[in-house]
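Colleague: Just a sequence and a predicted model for now, questions to come.
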Amino acid sequence: LPVTFVFGFKEFLGEKIIDGFCSNFIEAKYDFNFRRYYADIESDANWEEITSEANSSSFFLQSRKIIVVTIREEKYLTLKKNEKEILKEYAAHPNANTILVIYISLNLIKDDYKQVKKLKIDKLIKELDSPRIYSVDLDKIQEREVKSYIQSYLKAGGISITADALDKIMETREDDSVSVLYQLPKLAIAGGQGGSLDSGDIDAIFRGSVKPSHF
């Protein structure tokens, strides 16, 4: 994953992706292995500086470095010629010890986002097309991926969840299954350390109560 675009109207999931990179590739966030840049009104991201930082990571210093560039303003989706060349050059010869995440996080209503995606985001990804550049469309995350994330999140806290319980969760959020990720802390509390969750527990949790045995 040398370079990864993360985008989508359900942008809150982008932070989940970034947290996933961090938990899988670095032990903890420090200045030397995690850097974040912003392309917004207050901070104009410099792609030459960013790629230089990406190239500075060395296996002898740390196993991986994660650099996140968060694009918050629409105008930064249109790159200048030299900026395209800088990114294309980096994508052609990426640092194997660095993961560069370009996270598009725009404050737009859904209809405006669709227009910007069609006119600018899709164009940007096409312009920078490379076998070493990956794209994660947050709006195309499928139900099975949501289930898998819920399962792994709870497992990290020593909690098991049955297949029936996962199905019940999806039923409660039929029109917007990813919104259940907001409920993960509640599920973890209900499960308790070393506990388990079944479909009956899910009914109780989403009615606003939790299993009293864990308190």
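Modeller: Received it, and whenever you're ready, just let me know what you need.
Colleague: Only C-alpha atoms from now on, for both contacts and neighbour counts.
Modeller: Noted.
Colleague: so where do the helices sit in the protein?
Modeller: With helices called from DSSP state H, the chain shows them at 12-25, 47-55, 81-92, 110-116, 122-127, 143-156, 163-172, 184-191, 199-206.
Colleague: The third one: which residues count as buried?
Modeller: Going by neighbour count (16 or more other Cα atoms under 10 Å), the buried part of helix 81-92 is 84, 86-88, 90-91.
Colleague: likewise stretch 114-130?
Modeller: Applying 16+ other Cα under 10 Å to stretch 114-130 flags 116-117, 120-121 as buried.
Colleague: Just name the closest of these to Ile161, please.
Modeller: Lys117 (36.5 Å; Cα to Cα).
Colleague: Please report how far that closest one lies from Leu138.
Modeller: The spacing between Lys117 and Leu138, counted by Cα to Cα, to the nearest Å, is 12 Å.
Colleague: okay if I get the buried residues of stretch 114-130 as JSON lines plus distance to Leu128 and pLDDT?
Modeller: Shown next, in JSON lines, are the buried residues of stretch 114-130 (distance: Cα to Cα, whole Å; pLDDT from 0 to 100):
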{"residue": "Val116", "distance to Leu128": "17", "pLDDT": "97"}
{"residue": "Lys117", "distance to Leu128": "15", "pLDDT": "96"}
{"residue": "Lys120", "distance to Leu128": "12", "pLDDT": "96"}
{"residue": "Ile121", "distance to Leu128": "11", "pLDDT": "96"}
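Colleague: among those residues, which two are most distant?
Modeller: Maximum pairwise distance in those, criterion Cα to Cα, is 6.5 Å, between Val116 and Ile121.
Colleague: Spit out the contact partners of Leu128.
Modeller: By Cα atoms under 8 Å, 6 or more residues apart in numbering, Leu128 lies in contact with 84, 87-88.
Colleague: in the sheet, who's paired with Phe5?
Modeller: Beta-bridge partners recorded for Phe5 (DSSP bridges): Ile102, Ser135.
Colleague: Neighbours of it, how many?
Modeller: Neighbour count of Phe5, defined by other Cα atoms under 10 Å: 19.
Colleague: Quick check, pLDDT for Trp47.
Modeller: In this model, Trp47 is scored at 95, pLDDT.
Colleague: so how far is Tyr90 from it?
Modeller: 10 Å.
Colleague: for Ser160, same thing?
Modeller: Ser160 is 42 Å from Tyr90, by Cα to Cα.
Colleague: Also Tyr134?
Modeller: As defined by Cα to Cα, Tyr134 lies at a distance of 14 Å from Tyr90.
Colleague: try Leu138
Modeller: Leu138 is 24 Å from Tyr90, by Cα to Cα.
Colleague: Appreciated, that's everything.
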